[in-house]
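>>> no FASTA, just this:
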């Protein structure tokens with residue numbers, strides 16, 4: 001770690017790359033984002049810690065999927081039962097997958113049965129950018145925005161144009177083809193069409209079993225959207241996304257999961273000098289079918305169908321004050337699941353209001369939201385934020401807010417294991433941060449603390465020594481309960497700078513994720529992470545190096561089973577020809593590191609991928 005800090009201190013003196021981090025930062029600060037307050041604003045005006053990952057950054061990195069992209073960002077760690085296509089957990093500042101909110105173009109995709117969302121097989125080709133907001137945001141979004149919000153944006157910039165094909169081959173008999181067409185039908189209508197197919201034979205995720213089995217995946221997805229400007233003030237959009245995937249894993253025997261995800265969305269926006277508004281309607285369906293591969297009959301099915309309606313309003317009182325608010329309605333239905341739950345549908349109604357003041361060097365914001373859910377009761381959450389531009393190159397941020405994580409249908413009503421009296425998790429988050437421009441380098445420092453009460457955990461109560469190889473009646477028996485409280489606090493440091501023709505990014509994170517009842521670490525949360533990225537340019541050739549070091553973590557609540565520290569290097573390169581052809585090569589886990597982010601599941605070894613794309 002000392003070497004990274006020393007490098008960060010001396011590097012800015014050496015020179016600057018084609019686009020310096022300062023220029024890139026200025027460009028990003030001017031980017032219009034939507035995740036912080038659900039309405040467009042510049043990234044520079046967002047008080048909460050925000051990361052925007054662009055399409056070009058995704059394409060040039062060694063990332064294989066969205067989960068890989070997230071693992072490279074500040075404040076995020078990832079745990080997987082293997083590689084791509086296998087069960088995953090994404091931790092934002094130590095908060096679990098079900099304690100964070102996942103969106104596609106603003107549409108909630110967390111499942112109502114298991115919580116969290118399956119991101120690993122969602123095609124990267126769908127993604128225009130990813131907005132990652134760290135910290136509590138329940139006063140804007142409601143349930144589950146405890147650790148933060150991840151919004152996957154598929155909408156291209158109005159007026160942009162792209163027509164292209166892409167294909168790649170790689171290790172483990174991996175192959176991918178994709179096509180994208182985006183442009184304008186006329187001066188007022190923008191279209192976007194994407195198709196993607198991806199498959200792999202995979203690898204042996206549990207070599208210790210001596211089964212010599214590979215566990216692969218296959219996915220096919222399509223996306224269609226239309227944006228139309230009716231006039232200077234009114235604009236509408238409709239979009240459709242569908243992704244159909246299969247993945248193999250082990251649960252006693254080799255098992256196949258078939259997953260389907262469908263999202264429909266429609267919105268109408270109005271914007272004038274004083275008023276902004278949006279009416280949005282959406283439908284999301286997530287269906288997961290699981291059964292042994294050799295006898296794939298009568299699979300276990302978990303289905304979430306969600307219908308939502310949202311009304312957002314903004315009113316600009318004057319040049320300093322902005323009022324925002326809205327009404328939300330959401331219905332979750334799991335009646336398509338195989339198991340029969342005591343309750344299979346629930347409604348959530350909510351109202352929220354916020355205010356923002358911008359006075360010279362100070363930005364103040366406050367918001368409050370009331371949620372009323374017919375199953376787990378009502379919750380009121382709030383958020384306060386302050387940004388102070390001390391100097392042109394130094395900004396101070398402070399935020400304080402509350403949030404809650406809703407119990408899922410499985411927590412409340414899973415047949416035979418139900419606990420209808422379980423409470424929602426509640427949290428209080430406080431943080432302070434600085435953003436500093438120093439010698440044409442950019443630095444961000446954040447210190448945070450998140451106190452979570454009534455943590456929901458599933459504990460084994462019977463047959464705990466059994467595995468899952470026998471009939472269902474012999475499997476271990478687990479039930480949920482509000483078992484403890486947690487305190488998650490930490491420090492995030494990110495620096496961007498350049499030397500000669502190389503751009504650098506260094507991320508250093510320290511996390512203290514404690515179960516307050518035992519003073520033990522929460523499982524699968526490493527206390528330290530270091531991430532490094534270098535972009536090297538020579539004319540039309542770009543080379544990108546990604547490095548991740550993660551410290552030890554624990555597999556069990558008693559902290560007796562240790563997951564060792566590991567370091568992984570990825571190397572990728574691309575060459576852009578003048579005729580629209582681009583060649584890509586990606587070498588992941590360069591030094592073939594053997595490691596695990598979940599006990600008994602081995603992460604992928606060294607893999608290579610080569611591909612070509614052509615822009616018409």
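Good, I have the coordinates. Values in this document were obtained by computation on a predicted structure and should not be read as measured data.
>>> Give me the residue at the spatial middle of this structure.
In the chain, the centroid-proximal residue (CA atoms, centre = their mean) is residue 150; its distance is 4.1 Å.
>>> just for the protein, where's the confidence low?
Low-confidence segments of the chain (pLDDT under 70): 1-30, 461, 468-469.
>>> Which residues are in contact with residue 334?
112, 113, 302, 303, 304, 305, 341, 344, 345, 409 (CB atoms under 8 Å, 6 or more residues apart in numbering). For glycine as for every other residue, the C-beta is placed from the backbone atoms N, C-alpha and C.
>>> Which one of those residues is nearest to residue 83?
The closest of the contacts of residue 334 to residue 83 turns out to be residue 302 (CB to CB; 22.6 Å).
>>> The closest one reaches residue 115, doesn't it?
No: Residue 302 lies out of contact with residue 115 (CB atoms under 8 Å); the separation is 11.4 Å.
>>> Which secondary structure element is home to the residue nearest to the centre of the chain?
According to DSSP states H and E, residue 150 maps onto strand 148-153.
>>> List of residues touching that strand?
By CB under 8 Å, 6+ apart, the residues outside strand 148-153 that reach it are 34-35, 66, 70, 75, 90, 92-93, 95, 100-106, 119, 122, 126-135, 137, 141.
>>> Filter those residues down to just the ones in helices.
Among the contacts of strand 148-153, the members found in helices (DSSP state H) are 66, 70, 141.
>>> will you turn the residues you listed into CSV that also has distance to residue 312 and neighbour count?
Compiled in CSV, the ones in helices among the contacts of strand 148-153 are given as follows (distance: CB to CB, whole Å; neighbours: other CB atoms under 10 Å):
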residue, distance to residue 312, neighbour count
66, 26, 25
70, 26, 23
141, 12, 25
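>>> Show me which of these is closest to residue 214.
Residue 214 lies nearest to residue 66 out of the ones in helices among the contacts of strand 148-153, by CB to CB, at 22.7 Å.
>>> in its sheet, what does the strand holding residue 150 sit against?
Using DSSP bridges, strand 148-153 pairs in its sheet with strand 101-104 (parallel), strand 129-134 (antiparallel).
>>> Save the ones you listed as a markdown table, and put in mean neighbour count and distance to residue 428 too.
Formatted as a markdown table, the strands paired with strand 148-153 follow (neighbours: other CB atoms under 10 Å; distance: least, CB to CB, whole Å):
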| stretch | mean neighbour count | distance to residue 428 |
| --- | --- | --- |
| strand 101-104 | 24 | 17 |
| strand 129-134 | 23 | 15 |
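>>> Could you point out which of these sits nearest residue 450?
strand 129-134 (10.3 Å).
>>> how about the nearest residue to residue 55, chain neighbours excluded?
residue 128 (5.5 Å; CB to CB, 6 or more residues apart in numbering).
>>> what sits against the one you found?
Residues in contact with residue 128 (CB under 8 Å, 6+ apart) are 55, 153, 154, 155, 156.
>>> same check, this time on residue 125
For residue 125, the contact set (CB under 8 Å, 6+ apart) comprises 166, 178, 180, 194, 196, 221.
>>> excluding its backbone neighbours, what's nearest residue 301?
Spatial nearest neighbour of residue 301, chain neighbours left out: residue 338 (4.2 Å); criterion: CB to CB, 6+ apart.
>>> Name all residues that make contact with the one you found.
299, 300, 301, 302.
>>> go again using 10 Å as the cut-off
289, 290, 298, 299, 300, 301, 302, 303 (CB atoms under 10 Å, 6 or more residues apart in numbering).
>>> since we're on residue 467, how many residues are nearby?
By other CB atoms under 10 Å, 11 other residues sit near residue 467.
>>> ok, back up a step: what is in contact with residue 302 and residue 115 at once?
409, 410.
>>> Doesn't residue 56 belong to a helix?
Yes: Residue 56: assigned to a helix according to DSSP: H, G, I helix; E, B strand; the rest coil.
>>> hmm, which two among the contacts of residue 338 are most spread apart?
Comparing all pairs in the contacts of residue 338 by CB to CB, the longest separation belongs to 298 and 303, at 15.1 Å.
>>> For those two, indicate the residue with more neighbours.
For residue 298 and residue 303, the more surrounded residue by other CB under 10 Å is residue 303, and the numbers stand at 20 against 9.
>>> Give me the nearest residue to the more buried one, chain neighbours excluded.
residue 336 (3.4 Å).
>>> Can you report how many residues neighbour residue 564?
Neighbours of residue 564 (other CB under 10 Å): 11.
>>> one step back: what's the spacing between the residue nearest to the centre of the chain and residue 577?
According to CB to CB, to the nearest Å, residue 150 stands 34 Å off from residue 577.
>>> again, but for residue 70
31 Å.
>>> from memory residue 534 sits against residue 499, does it?
Yes: counting by CB atoms under 10 Å, residue 534 touches residue 499, with 9.2 Å between them.
>>> hmm, back to that, tell me which of the strands paired with strand 148-153 sits nearest to residue 486.
strand 129-134 (17.0 Å).
>>> Contact partners for the residue lying closest to residue 51 once chain neighbours are set aside?
Closest residue to residue 51 apart from its sequence neighbours, by CB to CB, 6+ apart: residue 132 at 4.3 Å. Residue 132 makes contact with 35, 49-53, 69-70, 73-76, 92, 100, 148-152 under the criterion CB under 10 Å, 6+ apart.
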